[in-house]
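Trainee: Just to be clear, the model below is a prediction. Sequence and coordinates:
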Amino acid sequence: MQALSNLLKRDPRTKLSITSTVILTVLMALNVHFFHLGSSLQDKDIISTIAGWIMFLFLVTVFFLLLYTGNISKYRRIFFVASALLFFPAFIAGMYETFGHMYLTEENLIENTASYCHIVTPMVILPYVFTKTIIFPARIFSSAASIYGMLIIWLLATLVSGKGFCSWICFYGGWDDGISGIRKKPLLKIDPENKKIRYFGFAMLAFVVLASLITLTVMYCEWLCPFKLITEYTQVINLKSFIAFAIFVLTFFGLVVVLPLITKKRFQCLTFCPFGAFQSLLDKLSLYRVRIDTEKCTQCLRCISVCPTLALSKEIILGKKTKPHITCTKCGECFKACSQGAIGYAFAHFEKYKKNPFEKIISKLENHPTLIKKIVKKIVFTVKELLSPQSLFIFSSYTLGMIIMSAFARSTVHRTINLIVNGSFLFQ
Amino acid sequence: MKTFFFIMITIWAAVSALLIPQVFIHSTFIKHQLDKVLHLEVDPAFSGGREIAHFLDPVNDDYGEGCLSYPKHKAYTHKSGLLDLVKYSVYKPQTNARWSSEVDYIQVSFTFAKVNNDLESIHGFSHPIIHLYLDVDGKRGGKTETAFSRCELVRFDENHPWDFLIIIHGFHKSAKIISDDGMYQDRATIFADSEKKTLKVRIPLVYPKLKQILDGRNTYHYVLVGAYDPLSKGCFMPVKAKAGLKYGGGARSALSPRVYDYIPPEGKDQKQLLSSYDEDNFTYATIFPLEVTADLYIKDEKNIDPAKLAKMKKQVEQEAKAEYAENIIIIESTHSTSNTEDIKLAIALFNIQRLTEAEKLLDKILTKNPDHAVANAYKGVVTSQKAQLTENITEKIQYVEQSFVYLNRGAALARSDDERINCFICRAEVFMAIPEDVFAKNKNAEQDLTAVIELLEKQEQKNHRMIADMYIKLALCYLNQAEHDDAEIAFLKARSQPELSARAMLELVERGY
């Protein structure tokens, strides 16, 4: 009972009314139904249908709780970590079913069948400008893992979520986000003012982009990517490929497991991922920002210590600045830490817009106690909530993350049930 | 002003939030629109370099000098196309290659009409052996006789004696390279893709004479395909007048080349060249090479005569009118008396897009007989077309789901070949029409179309027009999956049909076939 009450405990600073929550959840349920349940319903396989329903119920419930309780950081993390954990088993199983192993052979490269990954994007742009070709052996069309497929996802995610990609959509980010949230207190404290750590990701981005341009190879992907270990890597056939494999092991355990665990910071995303830094630079294109209401802020600095990407510092809070640093991934950790509710989502180009047109209408209706006025007030309040930057950002980012997840999450659940029932994780 | 801007950005944010799923639903369309602007292409270095030349060979010409037949061995019986080379490609030589075990190499590829691995070869290609003779220095050196005596039974153009022979078959991990003096021997890496029926061979450019290819001069290629026989000279299976277990048949002479397929240069004919042996003087048939111009990048130039194209379009229009008229006649002359008449009428109505009437009839048939396979299949297509007419996502998915139920039911209930053909075509059409990124059904469409083609090929009185149409649909299905090589072969197979509809002809001509 206590657990349930904790689960449903509402945060008055960020919660939505039940009406708005239900409306948005119904809309999200339609989307989830289409992307997660659609193809499993036509499947005659009962296990596939069960897997579809499990995903449907999970995603709709998490979304409902996210809005209803207003506990953005908690439910976002559940959703985000689930995305990461459900991604790799289906991906690896798919590799085994297609190729019989999880490494890329020369044949895969010849046939351009490597899966295109969003992290590659910043590395292929400059070589494309100079050579008019993409320096990655993936399919141009076809599935979501094709070059155009990922390009569409990236463009859409950039416009809608911007840097929020790193906390809502990326199916790798859930690893260090989840691991960084395991311990209550860090074993190793990272100074939030440490600019070297905060901006190391940009140096990394510059390095891999230039190196890729000079060598015309996707440097990060070939040599450094920690997630190669749980996706696909080139076959170990010589010393070069062995060294690359050893680096993959080291970067995965070092940057994705150990450092996030002991520092409670998203170390890999912050310091190593070139795509994360790239999204930080492109965040200006997105519709939403995190804003600090300096009038409400009491400068308690609690938000600084909880930020997993060092996006808040004394310089920001004590300097009464309204914008966090560009490493902010819009994850919502600071919303929870702020007792004053001084941090929240806002539209781009607007600080906290005080003279919100809806507020004006609501205040006009304030002094009219008749039933109709109350109903009108309720409607206006609901519309205001539905169209608030918080609702729209969460709805958009969750939708995108959910769609990306649909490509593999149901498959993992399906395979897991199959493993329990039929004793095999693989279908072939 | 600020209020107005705030309202605008709110509306924009709300609209974009609601439209995200639409972007994914229409992603195939968006990808193609993006492609029109960006023309993205993967660095050809990964796949062995840019194709600098390709040579297409007619389908079903694996008869050597004109009448060779396959051996009687069970691995060959009731199979055709196993020795039928349909495409030979040469790629731009690569230096300091990335992501490759070879440093400098030139890649060539061979595509066959059919592949079978009855004899369990390493690469999945059990039947053919390819001898690729290369002349890398023009007239200066080389041989005009074959590398092994009494092997292919041909001789080479005196102006282009060969310098290197590359022996390729499915039973060795790599291909063997032999120089004209028999001294130099090296290995070329073979990459086989039996699904695409293609063998890619990377010839390392290490030997100084072979390295001349990098100088950018023209090279000359003789591509000879025989039946693999490990016990024969040069592994080319002999041919005799009558086929036996260990030799092919149809040879007109003891000098008949043991070559089942050969790609002649433009303007020359395979049958003519392979039968140019002289029994009186005991000389073998002389063959000529394909010329490959280095650095030339041939991107499918489609020099289509506009007048010819306009004429063909007119023919397509006429064909469509004739089909329309035919359907009207069926509608007017058919009376709804039985399910057989009703389904005929419903199909005719469907063909001229009178969907509501067609659906009513189909419903009537299905009320009487819910297990009517063809009615189920057409009901599926009609239902799926409703999905295209609505903008509501939920309705769209409901229609598509409903259509799948009918289509799958129709396909499962089909008993006769005709019913199967109808039901599979209906299902394939729907699978190809729905967004690939959401439903991923092109692979299933491919299976249905392949099944339809097999059924059509099996019929005693072959409907060549329909077979060609199916091959074109199959090719388009491959293109949707970015399987360009398979698509090319399917187009070639459509082209090889003796009779084609005007629509099919136009499609092929517009695509440069």
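Mentor: Arrived safely, thanks for sending. Residues are numbered from 1 along each chain as shown, chains lettered A, B, ... in the order given.

Trainee: residue contacts, the residue lying closest to residue B:125 once chain neighbours are set aside?
Mentor: Excluding the flanking residues, the one nearest residue B:125 by CB to CB, 6 or more residues apart in numbering or on different chains is residue B:170, at 3.6 Å. Yep, even glycine has a C-beta here, placed from its N, CA and C like the rest. Shown in contact with residue B:170 (CB atoms under 8 Å, 6 or more residues apart in numbering or on different chains): B:117, B:121-128, B:192, B:199, B:228.

Trainee: Wait, residue A:270 touches residue A:196, no?
Mentor: No: using CB atoms under 8 Å, residue A:270 makes no contact with residue A:196, being 11.4 Å away.

Trainee: measure residue B:372 to residue B:363 for me?
Mentor: Residue B:372 is 11 Å from residue B:363, where distance means CB to CB, to the nearest Å.

Trainee: Please list all residues in contact with the residue nearest the centre of chain A.
Mentor: Chain A has residue A:168 as the residue nearest its centroid, 2.3 Å off, counting by CA atoms, centre = their mean. Residue A:168 sits next to A:76, A:79-80, A:161, A:330, A:397-398, A:400-401 when contact means CB under 8 Å, 6+ apart.

Trainee: These: which ones sit near chain B?
Mentor: residue A:400 (CB under 8 Å from any CB of the partner chain).

Trainee: would you list the contacts of residue A:168 in JSON lines and tack on pLDDT, secondary structure and neighbour count?
Mentor: Below are those laid out as JSON lines (pLDDT from 0 to 100; DSSP: H, G, I helix; E, B strand; the rest coil; neighbours: other CB atoms under 10 Å in any protein chain shown):
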{"residue": "A:76", "pLDDT": "97", "secondary structure": "helix", "neighbour count": "24"}
{"residue": "A:79", "pLDDT": "97", "secondary structure": "helix", "neighbour count": "22"}
{"residue": "A:80", "pLDDT": "97", "secondary structure": "helix", "neighbour count": "26"}
{"residue": "A:161", "pLDDT": "93", "secondary structure": "coil", "neighbour count": "27"}
{"residue": "A:330", "pLDDT": "96", "secondary structure": "coil", "neighbour count": "27"}
{"residue": "A:397", "pLDDT": "96", "secondary structure": "helix", "neighbour count": "26"}
{"residue": "A:398", "pLDDT": "97", "secondary structure": "helix", "neighbour count": "28"}
{"residue": "A:400", "pLDDT": "95", "secondary structure": "helix", "neighbour count": "24"}
{"residue": "A:401", "pLDDT": "95", "secondary structure": "helix", "neighbour count": "26"}
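
Trainee: What ranges in the stretch 401-513 of chain B fall below the confidence cut-off?
Mentor: B:437 (pLDDT under 70).

Trainee: let's see 80
Mentor: The stretch 401-513 of chain B contains residues with pLDDT under 80 at B:435-440, B:480-486, B:488-489, B:496, B:512-513.

Trainee: and it, which residues reach chain A?
Mentor: Residues of the stretch 401-513 of chain B lying near chain A (CB under 8 Å from any CB): B:401, B:404-405, B:408, B:436-440, B:480-482.

Trainee: ok, back up a step: which of the contacts of residue B:170 are buried?
Mentor: B:117, B:121, B:123-128, B:192, B:199, B:228 (16 or more other CB atoms under 10 Å in any protein chain shown).

Trainee: Show me which pair in these is furthest apart.
Mentor: B:192 and B:228 (13.8 Å; CB to CB).

Trainee: related to what we said a few turns ago, now the residue nearest to the centre of chain A. Nearest residue, chain neighbours left out?
Mentor: residue A:397 is the one closest to residue A:168 (CB to CB, 6+ apart), at 3.7 Å.

Trainee: Which residues are in contact with the one you found?
Mentor: Contacts for residue A:397 (CB under 8 Å, 6+ apart) come out as A:160-161, A:164, A:168-169, A:330.

Trainee: and of the residues you listed, the nearest to chain B?
Mentor: residue A:160 (6.0 Å; CB to the nearest CB).

Trainee: For the closest one, what are phi and psi?
Mentor: Residue A:160 has phi and psi values of phi -90, psi -50 when expressed as degrees, to the nearest 10.

Trainee: Just list the residues touching it, thanks.
Mentor: With CB under 8 Å, 6+ apart, residue A:160 has these contacts: A:286-288, A:396-397, A:400, B:16-17, B:20.

Trainee: per-residue pLDDT, it?
Mentor: Reading off the confidence values, residue A:160 has pLDDT 92.

Trainee: Which parts of the stretch 101-250 of chain A are helices?
Mentor: With DSSP state H, counting those that start in this stretch, the ranges of helices along the stretch 101-250 of chain A come out as A:106-110, A:121-131, A:147-160, A:165-168, A:173-180, A:195-215, A:219, A:239-251.

Trainee: buried sites along the strand or helix carrying residue B:509?
Mentor: If you go by DSSP states H and E, residue B:509 is part of helix B:502-510. For helix B:502-510, a neighbour-count test (16+ other CB under 10 Å) marks B:502-509 as buried.

Trainee: Let me know how buried residue B:379 is, in neighbour terms.
Mentor: Other residues within reach of residue B:379, judged by other CB atoms under 10 Å in any protein chain shown, total 28.

Trainee: Residue in the stretch 251-400 of chain B with the shortest distance to chain A?
Mentor: residue B:397 (5.2 Å).

Trainee: Show me what the strand or helix carrying that residue is packed up against.
Mentor: Element membership for residue B:397 (DSSP H and E) is helix B:393-413. With contacts taken as 3 or more CB pairs under 8 Å, 6 or more residues apart in numbering or on different chains; DSSP states H and E, helix B:393-413 sits against helix A:38-42, helix B:2-25, helix B:373-389, helix B:417-433.

Trainee: try 6 Å this time
Mentor: When contacts are defined as 3 or more CB pairs under 6 Å, 6 or more residues apart in numbering or on different chains; DSSP states H and E, helix B:393-413 sits against helix A:38-42, helix B:373-389, helix B:417-433.

Trainee: need the strands for the stretch 201-350 of chain A, in chain order.
Mentor: Per DSSP state E, counting those that start in this stretch, the stretch 201-350 of chain A carries strands over the ranges A:233-234, A:288-292, A:343-347.

Trainee: Could you dump these into JSON lines and include distance to residue A:61, mean pLDDT and mean neighbour count?
Mentor: Putting those into JSON lines (distance: least, CB to CB, whole Å; pLDDT from 0 to 100; neighbours: other CB atoms under 10 Å in any protein chain shown) gives the following:
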{"stretch": "strand A:233-234", "distance to residue A:61": "36", "mean pLDDT": "78", "mean neighbour count": "20"}
{"stretch": "strand A:288-292", "distance to residue A:61": "24", "mean pLDDT": "93", "mean neighbour count": "24"}
{"stretch": "strand A:343-347", "distance to residue A:61": "22", "mean pLDDT": "92", "mean neighbour count": "23"}
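
Trainee: Now render those as a markdown table, adding distance to residue B:261.
Mentor: Shown next, in a markdown table, are the strands of the stretch 201-350 of chain A (distance: least, CB to CB, whole Å):
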| stretch | distance to residue B:261 |
| --- | --- |
| strand A:233-234 | 36 |
| strand A:288-292 | 63 |
| strand A:343-347 | 67 |
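
Trainee: Need the ones you listed in a markdown table (columns: distance to chain B).
Mentor: Shown next, in a markdown table, are those (distance: least, CB to the nearest CB, whole Å):
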| stretch | distance to chain B |
| --- | --- |
| strand A:233-234 | 7 |
| strand A:288-292 | 8 |
| strand A:343-347 | 5 |
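
Trainee: Out of those strands, which gets nearest to residue A:36?
Mentor: strand A:288-292 (24.9 Å).

Trainee: buried residues in stretch A:59-76?
Mentor: A:59-60, A:62-76.

Trainee: To clarify, my last question referred to stretch A:209-225.
Mentor: A:209, A:211-213, A:216-225.

Trainee: How many residues are close by residue B:69?
Mentor: Other residues lying near residue B:69 total 17 when counted by other CB under 10 Å.

Trainee: For it, give the beta-bridge partners.
Mentor: Beta-bridge pairing for residue B:69 (DSSP bridges): residue B:249.

Trainee: Tell me who's in contact with residue A:334.
Mentor: Listed by CB atoms under 6 Å, 6 or more residues apart in numbering or on different chains, the contact set of residue A:334 reads A:303, A:307, A:343.
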